[in-house]
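>>> build the 3D model from these lines:
(2 chains)
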Amino acid sequence: MTGTRDTNGRGAGMAVVGQRLARVDAGERVTGRALYPADLVRPGMVAGAIKRSTHAHARIVSIDTSRARALKGVLAVITAADFPAVAPGTIYPFGETGADAWISAVTTIARDRVLWFGHPVAAVAAVDAYVAREALDLIAVDYEDLPVVTDIATATAAGAALLVPEVKPKGFDADAPPPPNACGRTVIARGNTEAGFASAAASASVAVTVDTGHQGYLEPHACVAETDGNGGVTIWASTQGVFPTELQTAVLLGLPQSKIRVVPLEVGGAFGGKITVHVEPIAARLAQITGRPVKIVTSREEVLAGGSGPAAAADVRVDVAADKDGKLLAIEGRYVLDSGGLPGTPTTLMMQASAAPYQCQNLRLEGIDVVTNKPRTEAYRGPGGIQAAFAMEQAIDDLSLQLGLDPIEFRRRNSARTGSTMPIGTPFPSIPFPELMDRMAAHSSWTDPIAPGRLPRGRGVALGYWRGTSMTSAAHLTIAGDGRPMVTIGAVDLTGTRTAMAQVAAEEFGLSIDDVLVQSGDSKSVGYTDVSAGSRVGRTMAAAVSEACRDALGQLRKRAAEKLQCAVDEVSYQAGVFSSSKGGAITIGDLMRATLTEGAIIGRGVSTKLPLGVEIGGHVTDVEVDPETGQVTILRYTAFQDVGRALNPPAVEGQIQGSIAQGAGWALTEGFDYGPDGRLRNASLLDYRMPTALDLPKIDVVLLETPVPGVPYGVRGVAEMPIVPVAAAIANAVRRAVGVRLTHMPMTPERVLSAIKASGRRP
Amino acid sequence: MKTIVTAEINGERREALVDTRDTLLAMLRDRLGLTGTKEGCSNGNCGTCTVLVNGEPVCACLMFAAEADGARITTIEGIADGNTLHPVQAALVRHGGSQCGFCTPGIVLSAVALMERNPDPNEHDIRHAIAGNLCRCTGYDKIVAAIAEAAKASAGERR
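Numbers count the residues shown, from 1 in each chain, chains lettered A, B, ... in the order given. Okay, here's the model as predicted:
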């Protein structure tokens, strides 16, 4: 067992929720039966493939498809001309703000110009994948090169050409005019930071650069699309949300939503990268034209080099100051995200993620996102959080060193707590940071001496925060003729949702998890539900499912009252049995056997605007640094996190461990290497190096459970926060080991080595 | 050009009409419908296509189908005994060692191969055996724990 659990005395009394249960769908995973889109075969199915730009920025002068069309076995060749034009600002419903379908359209296939290397320009359908690939080579695209910009500084330099003039910068004003290629600006400010710095006993400043990273899901983007002969299209997808995929595809194809069905198959990892459509509208259009089912399976090279949305590069600078007693007097942060070829992740959440752990009356955070000629970036697990914390948590560490304070104690003195002011100015809901840090400070990962070794070793600590979202989730359930609840949820199950929701339904009905079925509905069989993202599904779907269960139980209670010949309020329900206070009882199974044909029981649950379940945590790590090679080795890693309540502890631990593995990868080895021509030079999993089992130690997880008021089961978000502190915790450990601050992520051996050399130290 | 490949796959003699350009992975997935073996990179870097060829774990994407003629091949579909899971599979279920599931078949095959050649692996042996199988979801802990438990149980049975 890797985790220890501190339930604070809560969590008792539940039979199914909170138990360490195997996933309901584990068997199909370990036997290879789980069906992903690339595994699906449909009668008459043909292969689709995508032609991609070999220029990072160019005008498309012409596309000649005649030779490809003439190739034997080619059924269709399409370009942007085969899709209706979508105007900028075509907003479709999405989350809290809506999203622009124009971005999805431009991302899916370039119309007049290409904005990044690998940008799709055409697609083919052919009898098999070999013919399809051959046809791609026969498509001749005439490009007129435009200047290529691959970094924030060049993109925003005075006089720089606008890459995407369609984007109107938001959040700027006369005092702060937008630099070229800026998309949006957010400022969070209160108090007077200048005064704070002026009166400080110590201050620290850390400026970092983070290279573009990738979510690294092992399943490349894939889908199958098929027409039904009635004008309808069905898409079997690997997506984080069937509804967003349907909404985007409907706009891109100009189809009414009544004519599109999106069926969720298994998702081989997503982490934020499978929200925007990439292959689905193309496969659907090819299916419409050919009348044949079309499968598109992208290659790893396509995924890395332009066929998906990676995670934003960033330049972040943080300045902090404190008085001699270690009270924070000022925090200033400037966060600039490199969004790639089109606006991507906004900066608001990353700013909050880094500043929210601390109370400080003088605060000024400014965030800007910028376009460059790189693939349009998309969300990645707490988007922006790890980049922001890489600067903030190193600056805080510097300050604790200067003040001679224990880094946990320094953070604890300044930590946010329930009711203190959030960066955005409103009071924090339940946020037990002080309790978390007490736990960290007393834990062996902090109190044990660092294991001795031949090479320099150090211990680092960092905090993490993620706000998460709630948005909306829907579920309904029917009761089978034997009394078993059958639940349909509107969320795609990325990694354990069906299991956790089966636990919730079983708990609500007082039944065993094997008595309950939970399935993810397709986009025509269940109510609108937002994406499986933003640390929201476990919380909000638990609320929807419990509401649906209670709705059904209310209906059942009426039937039971009739059978038991008593008033409804005289009926109680427990563990599958309805009992009358006047005597007499009937099981839910017998009740349904007796009344199934009197009409279906349908329970309904919709969760909207559930209170936030902010995620907080802290990480402690010991690393070893080889001063001869610059190699950083993680020796020990311990993660503390308050999860409100762990619906299924092994699933929660697994999410946290996986987050840390991803964070460690970006921290140490993962970074996109773009040439000056905008070509990705490391578009393989050999050269974009993700951690293997040998690169990581055992990852210890300590779960704390402080329930969130007003949320069923008190659940907090889990899976985004634990990537946030990882790079900073490792960097702080390196600082303690060899005395240098690392400001370029990933912290590759050559960067570590040059930092050591530049410092003139001989550790 | 097409050619016929004959191989013993999961204990059965199978013939497949393959394109000479087909990899072993394409033969298994596209010609024989054994889609439990996954394709994550086509370059031998991710290990999702791991199968056993004559008992040795190999990346099926790095071998031509024609090279498999006469070979003995085990895929994920051949690991469980009917509906009875192999100890490695059962341990992965118990430990929560599979999240998105895409790496899982390859991990199972690498673990089965490890247990064949080393009945008493330590943690380093296990991590080394699956170092060619990338997993992006779990951080490997629960996979390593599952394989350790399965190996221990199997060793116990042999005693």
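>>> when you work out contacts or count neighbours from here on, use the C-alpha atoms and nothing else.
Will do.
>>> show me the domain layout of the chain.
By default, I'm working from chain A. Residue ranges for the domains of chain A, per automatic domain parsing: A:1-10+A:426-466+A:612-763, A:472-608.
>>> um, chain B though
Taken from automatic domain parsing, chain B resolves into B:2-75, B:87-158.
>>> in JSON lines: those, plus mean pLDDT, distance to chain A and mean neighbour count.
Shown next, in JSON lines, are the domains of chain B (pLDDT from 0 to 100; distance: least, C-alpha to the nearest C-alpha, whole Å; neighbours: other C-alpha atoms under 10 Å in any protein chain shown):
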{"stretch": "domain B:2-75", "mean pLDDT": "98", "distance to chain A": "4", "mean neighbour count": "20"}
{"stretch": "domain B:87-158", "mean pLDDT": "96", "distance to chain A": "4", "mean neighbour count": "23"}
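>>> find the centremost residue of chain B, please.
With distances taken as C-alpha atoms, centre = their mean, the residue of chain B nearest its centroid is residue B:109 (2.7 Å).
>>> look up how far residue B:49 lies from that residue.
9 Å (C-alpha to C-alpha, to the nearest Å).
>>> same question, residue B:20
Taking C-alpha to C-alpha, one finds residue B:20 at 19 Å from residue B:49.
>>> the helices in the stretch 601-750 of chain A, which residues?
A:649-668, A:726-738, A:749-759 (DSSP state H, counting those that start in this stretch).
>>> kindly apply the preceding question to chain B instead.
B:24-26, B:87-95, B:104-117, B:123-129, B:141-158 (DSSP state H).
>>> helices and strands around the second one, which ones?
In other words, helix B:87-95. helix A:26-30, helix B:104-117, helix B:141-158 (3 or more C-alpha pairs under 8 Å, 6 or more residues apart in numbering or on different chains; DSSP states H and E).
>>> kindly recompute the last result at 6 Å.
Counting contacts by 3 or more C-alpha pairs under 6 Å, 6 or more residues apart in numbering or on different chains; DSSP states H and E, helix B:87-95 packs against helix B:141-158.
>>> can you name every helix or strand that the helix it packs on contacts?
helix B:87-95.
>>> what's the helix it packs on in contact with?
Here helix B:87-95 makes contact (C-alpha atoms under 6 Å, 6 or more residues apart in numbering or on different chains) with A:22, A:26, A:30, B:142, B:146-147, B:150.
>>> where in chain A is the helix or strand with the lowest mean pLDDT?
Within chain A, no helix or strand scores below strand A:3-6, which has a mean of 42 by mean pLDDT, DSSP states H and E.
>>> kindly list the longest strand within chain A.
strand A:328-340 (DSSP state E).
>>> neighbouring contacts of that strand?
So strand A:328-340 is contacted by A:193, A:196, A:312-322, A:360, A:362-377 (C-alpha under 6 Å, 6+ apart).
>>> report how many residues lie close to residue A:533.
Per other C-alpha atoms under 10 Å in any protein chain shown, the neighbour tally for residue A:533 reads 27.
>>> er, residue A:599 actually
Going by other C-alpha under 10 Å, the residues that sit close to residue A:599 add up to 8.
>>> quick one: it and chain B, what's the gap?
Applying C-alpha to the nearest C-alpha, to the nearest Å, the value for residue A:599 to chain B is 37 Å.
>>> and for residue A:48?
For residue A:48, the distance to chain B - C-alpha to the nearest C-alpha - is 15 Å.
>>> ditto for residue A:198
Distance from residue A:198 to chain B, by C-alpha to the nearest C-alpha: 45 Å.
>>> quick one on the thing from earlier: among the domains of chain A, show the one with the smallest mean pLDDT.
Mean pLDDT per stretch puts domain A:1-10+A:426-466+A:612-763 lowest among the domains of chain A, at a mean of 93.
>>> distance between that one and the chain's centre?
17 Å (C-alpha atoms, centre = their mean, to the nearest Å).
>>> going by proximity to chain B, name the top residue of the stretch 351-500 of chain A.
Proximity of the stretch 351-500 of chain A to chain B (C-alpha to the nearest C-alpha) peaks at residue A:495, 5.3 Å away.
>>> right, and that residue touches residue B:101 too?
No: using C-alpha atoms under 6 Å, residue A:495 makes no contact with residue B:101, being 8.6 Å away.
>>> mean neighbour count, the helices of the stretch 601-750 of chain A: which tops it?
helix A:726-738 (a mean of 28; mean count of other C-alpha atoms under 10 Å in any protein chain shown).
>>> coming back round to it: mind putting the domains of chain A in a markdown table, distance to residue A:187 included?
As requested, the domains of chain A are exported to a markdown table (distance: least, C-alpha to C-alpha, whole Å):
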| stretch | distance to residue A:187 |
| --- | --- |
| domain A:1-10+A:426-466+A:612-763 | 15 |
| domain A:472-608 | 22 |
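>>> now do the end-to-end distance for stretch A:288-308.
24 Å.
>>> sorry, back to before: the residue of the stretch 351-500 of chain A closest to chain B: what secondary structure?
coil (DSSP: H, G, I helix; E, B strand; the rest coil).
>>> and it, what does it touch?
So residue A:495 contacts B:99-100 (C-alpha under 6 Å, 6+ apart).
>>> now it: phi and psi?
phi -160, psi 60 (degrees, to the nearest 10).
>>> rewinding a little: how about the domains of chain A, which one is nearest residue B:120?
domain A:1-10+A:426-466+A:612-763 (18.4 Å; C-alpha to C-alpha).
>>> tell me if the closest one is near chain B.
Yes: Domain A:1-10+A:426-466+A:612-763 reaches chain B (C-alpha under 6 Å from any C-alpha of the partner chain) through A:654, A:657-658, A:661, A:685-686, A:692-694, A:698.
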